[in-house]
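Novice: sequence first, then the predicted structure:
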Amino acid sequence: MPQLTFHGHATVSIHTADSKLVIDPFFSENPHFLGSLDDIEADYILVTHGHYDHVADLIGLAERTGATCIATFEIASFLESQGLNASPQHIGGGVHYPFGYVKLTAALHGGMVNLPGAEAFTTLPAGILINFSSGERFYHAGDTALLTDMQLLKGKVDVAVLPIGDRFTMGPDDAVTAVEFIEPKVVIPCHYDTWPPIEQDAAAFAEKVGDRAKVRVMAPGDILEF
Ligand code: NI
Ligand code: MN
């Protein structure tokens, strides 16, 4: 049973029986992260895109843990140029890892890579779809607009992490449509309330979703087993 910990913003870790995953490592400057970055463990670090609020602690965490970084080709190439372990993928492509099959999905957002020395690298942002070896199916949408491509995920996702912050990503109403497209069992809203420009009422979002899915509004540090 994968165990997901929400760290605030779009950062989650997922521990399986034999692997520790971190998605979008944004800890030290994440106003909602409660713990210590030194306590974060990772065998694999997955990143949806190169914006600061998704990669700020990527290099430090990868250096300390020796984790394999799973990202689009451009970000992976930059990480390899820094001597880190990376597994390049790209949108639509999947790779089998010991913990499961990871496929990058389309996301519509900005492509800058905000890492020192990475100014020459841009990439397509991605969503992350994981079919865990133990059978559970997980989707982190990353930062994205609502996409009709999400209809392709219908019936393929048990737990979906969706941004609801508006301004830079989908807002709550579009996220409800995303739930209609994907039909996940559980929805975890993310990318809201971190700063004033993306304040949202997660409880109101949950009400709008209604009986389409179970909405788990997670406070930083909350854990979900799925
Ligand atoms: Ni972004
Ligand atoms: Mn973001």
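Specialist: Perfect, thanks for sending it. Ligands and ions are numbered 1, 2, ... in the order given.
Novice: ok, so what distance separates the residue most central in space within the chain from residue 49?
Specialist: Nearest to the mean C-alpha position of the chain, by Cα atoms, centre = their mean, lies residue 140 at 4.3 Å. Going from residue 140 to residue 49 by Cβ to Cβ, to the nearest Å gives 11 Å. For the C-beta atoms, the positions are set from N, CA and C on the backbone; glycine is no exception.
Novice: near ligand 1, which residues of the chain show up?
Specialist: Counting by Cβ under 5 Å from the ion, the residues of the chain close to ligand 1 are 51, 143.
Novice: what's the longest helix in the chain?
Specialist: Taking DSSP state H as the criterion, the chain has its longest helix at helix 172-182.
Novice: which parts of that one are buried?
Specialist: 172, 174, 175, 176, 178, 179, 181, 182 (16 or more other Cβ atoms under 10 Å).
Novice: tell me the contacts of the first one?
Specialist: Read that as residue 172. 164, 166, 189, 200, 201, 204, 205, 208 (Cβ atoms under 8 Å, 6 or more residues apart in numbering).
Novice: following the strand or helix carrying the third one, which helix or strand shows up next?
Specialist: Secondary-structure assignment from DSSP states H and E places residue 189 in strand 186-190. Per DSSP H and E, the first helix or strand lying C-terminal to strand 186-190 is helix 202-209.
Novice: what is the helix or strand that comes right after that next one packed up against?
Specialist: Counting by DSSP H and E, the next helix or strand C-terminal to helix 202-209 is strand 214-215. Under the contact definition 3 or more Cβ pairs under 8 Å, 6 or more residues apart in numbering; DSSP states H and E, strand 214-215 sits against strand 186-190, helix 202-209.
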